[in-house]
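# here you go, sequence then predicted model.
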Amino acid sequence: MMKTDSKVSLAGAAVVVGARAHETERYAAGELARYLYLLTGRISRITAALPAKGAAVVLDAKLAAALGVKPEPEKLGDQGYRLAAVSKGGRRFVAVAAAAPAGVLYGVYGLLEELGMGFYAGGDTFPELPADAALPAGFDRTDVPVFK
């Protein structure tokens, strides 16, 4: 029997943002790639298309929907997001699905918090480094800010 890994590792995972992404989404991709490097010591490249192999974090809403992670605009509004770890074709992905660019940015920071980061007025906090930077397979969380 083959042993299956029950986590989706994001160490060195590509960050996929659409070719026509809003500047806020491009900023979110840069932040995610930067923090993944700081957490793991492995470079995560930013790309406009899903890479042929390896894990990826998908920030593009259409591609996330194709992976089965659909944002629900009526539920998320313009600042909410959905984070989900999914498998497709034997590969593992994490999708940050949102109805608006601000939701993508908040979703990236929500993902980083799930990986052990903390964001405070006094500065960022990190877990013990190098960090695992992985989510459990099947992880699925929706978050909507209480206040705009």
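Noted; the coordinates are in hand.

# could you pull out the helices for this structure?
23-40, 61-66, 73-76, 101-114 (DSSP state H).

# okay, now the unreliable bits of the chain?
Filtered on pLDDT under 70, the chain yields the residue ranges 1-5.

# where exactly do the strands run in it?
7-9, 14-16, 46-47, 56-58, 81-88, 91-97, 118-120, 123-125, 134-136, 140-143 (DSSP state E).

# tell me which other helices or strands the second one touches.
Put plainly, it is strand 14-16. helix 23-40, strand 46-47, strand 56-58 (3 or more C-beta pairs under 8 Å, 6 or more residues apart in numbering; DSSP states H and E). Any C-beta I mention is one placed from the backbone N, CA and C, and that applies to glycine too.

# quick one: contacts of the last one?
Going back to what we said before, that points to strand 56-58. Here strand 56-58 makes contact (C-beta atoms under 8 Å, 6 or more residues apart in numbering) with 10, 13-16, 32, 44, 50, 64, 67, 69, 91, 93-96, 111.
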